[in-house]
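Trainee: pasting the sequence and the predicted coordinates here, then a few questions.
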Amino acid sequence: MESHEPQSCDVVVSEGRLEGGNGHYQKLYDDLTGLYSDAAAFARLIEERRGTVAYEVTTYTPGKKVSDLIMGVTRMAPGKVGDEYFLTRGHIHANGDRPEIYYGQSGRGIMQLESPEGETRLIEVKPQSICYVPPFWIHRSVNTGSEDLVMMFVYPADSGQDYGIIERSGGLRVRIVDDGMGGWTDVPNPGWRPRSDAEIARIYEDAGAAT
Ligand SMILES: O=P(O)(O)OC[C@H]1O[C@H](O)[C@H](O)[C@@H](O)[C@@H]1O
Ligand SMILES: [Fe+2]
């Protein structure tokens with residue numbers, strides 16, 4: 001039986017990162033082309049912020065098996081593209097039956113969840129709230145506040161991320177926008193296409209094959 005050393009890392013809330021981990025990646029605004037509905041507003045944003053970081057993830061990965069847990073911290077800057085709040089790309093786990101938890105550290109946001117069948121759940125994230133993302137839910141975080149959104153997360157190390165699922169459906173079913181009073185509301189995404197029965201079946205079957 002393979003065994004790993006226990007590990008302690010520090011969540012540096014003010015900087016939105018995990019100290020003592022072994023992984024780090026950044027997404028620039030330039031990497032987020034096509035995610036937002038207002039293409040002209042996005043082009044203006046890129047003019048201003050080309051080469052700067054939209055969100056970043058620091059992690060500790062002990063190993064690669066289902067019985068290993070990846071832990072980490074994600075930090076996303078605040079802002080909007082047109083009236084749409086900043087968001088992460090979002091994904092479903094490639095091994096779809098793997099869950100995830102997110103623990104709010106600072107800032108305010110939404111965990112936007114969508115089932116393969118197209119149901120939406122919008123869970124508010126704030127400091128000291130924990131969001132449980134069940135297996136088979138597509139998830140994306142949205143920064144609806146005026147500060148960095150910082151969350152700690154944990155998920156099985158063999159989960160994997162399928163980003164194509166959102167592209168194939170023309171985005172998620174709703175968009176999280178400014179309600180005109182400094183808060184947020186959700187509006188339908190007219191570009192959204194329901195997933196086919198075949199694609200839905202594949203999501204659940206693949207999970208069966210992976211376990
Ligand atoms: O991977 P994205 O959808 O771009 O989201 C950014 C990150 O969000 C969370 O922190 C997840 O736990 C990470 O695994 C993910 O990579
Ligand atoms: Fe995930």
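Mentor: Everything's here; your move. Numbers count the residues shown, from 1 in each chain. Ligands and ions are numbered 1, 2, ... in the order given.

Trainee: nearest the geometric middle of this structure, what residue?
Mentor: residue 140 (3.3 Å; CA atoms, centre = their mean).

Trainee: ok, residues contacting the top helix by length along the chain?
Mentor: Selection of the longest helix in the chain by residue count, based on DSSP state H, yields helix 197-210. Helix 197-210 is contacted by residues 92, 94-97, 116-117, 135-136, 158, 165, 168 when judged by CB atoms under 8 Å, 6 or more residues apart in numbering. Where you see a C-beta, it was placed from the backbone N, CA and C, and this is true even at glycine.

Trainee: hmm, residue 74 is touching residue 59, no?
Mentor: No. The pair residue 74 and residue 59 does not pass the contact test of CB atoms under 8 Å, sitting 9.2 Å apart.

Trainee: low-confidence ranges in the protein?
Mentor: Filtered on pLDDT under 70, the chain yields the residue ranges 1, 208-211.

Trainee: list, one by one, the residues from it near ligand 1.
Mentor: Residues of the chain lying near ligand 1 by CB under 6 Å from any ligand atom: 57, 74, 88-91, 100, 153, 155, 161.

Trainee: check which helix or strand covers the residue nearest to the centre of the chain.
Mentor: Following DSSP states H and E, one finds residue 140 within strand 138-143.

Trainee: what sits up against that strand?
Mentor: Contacts of strand 138-143 (CB under 8 Å, 6+ apart): 74, 76-79, 85-92, 100, 102, 107-116, 125, 133, 149, 151, 165-166, 172, 176, 184.

Trainee: of those residues, buried ones?
Mentor: 74, 76-78, 85-92, 100, 102, 107-116, 125, 133, 149, 151, 165-166, 172, 176, 184 (16 or more other CB atoms under 10 Å).

Trainee: residue ranges for the helices of the chain, please.
Mentor: 39-49, 164-168, 197-210.

Trainee: reformat these as JSON lines; add distance to residue 190.
Mentor: Formatted as JSON lines, the helices of the chain follow (distance: least, CB to CB, whole Å):
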{"stretch": "helix 39-49", "distance to residue 190": "14"}
{"stretch": "helix 164-168", "distance to residue 190": "15"}
{"stretch": "helix 197-210", "distance to residue 190": "20"}
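
Trainee: from the contacts of helix 197-210, pick the one nearest ligand 1.
Mentor: Taking CB to the nearest ligand atom as the measure, ligand 1 lies nearest residue 92 of the contacts of helix 197-210, at 9.8 Å.

Trainee: the closest one reaches residue 162, doesn't it?
Mentor: Yes. The criterion here is CB under 8 Å, and residue 92 meets it with residue 162 at 5.2 Å.

Trainee: chain neighbours aside, what residue packs nearest to residue 172?
Mentor: residue 114 (5.2 Å; CB to CB, 6 or more residues apart in numbering).

Trainee: do residue 158 as well
Mentor: Per CB to CB, 6+ apart, closest to residue 158 is residue 66, 4.9 Å.

Trainee: hang on, the earlier thing: what bridges to the residue nearest to the centre of the chain?
Mentor: As for beta bridges, residue 140 partners with residue 112 under DSSP bridges.
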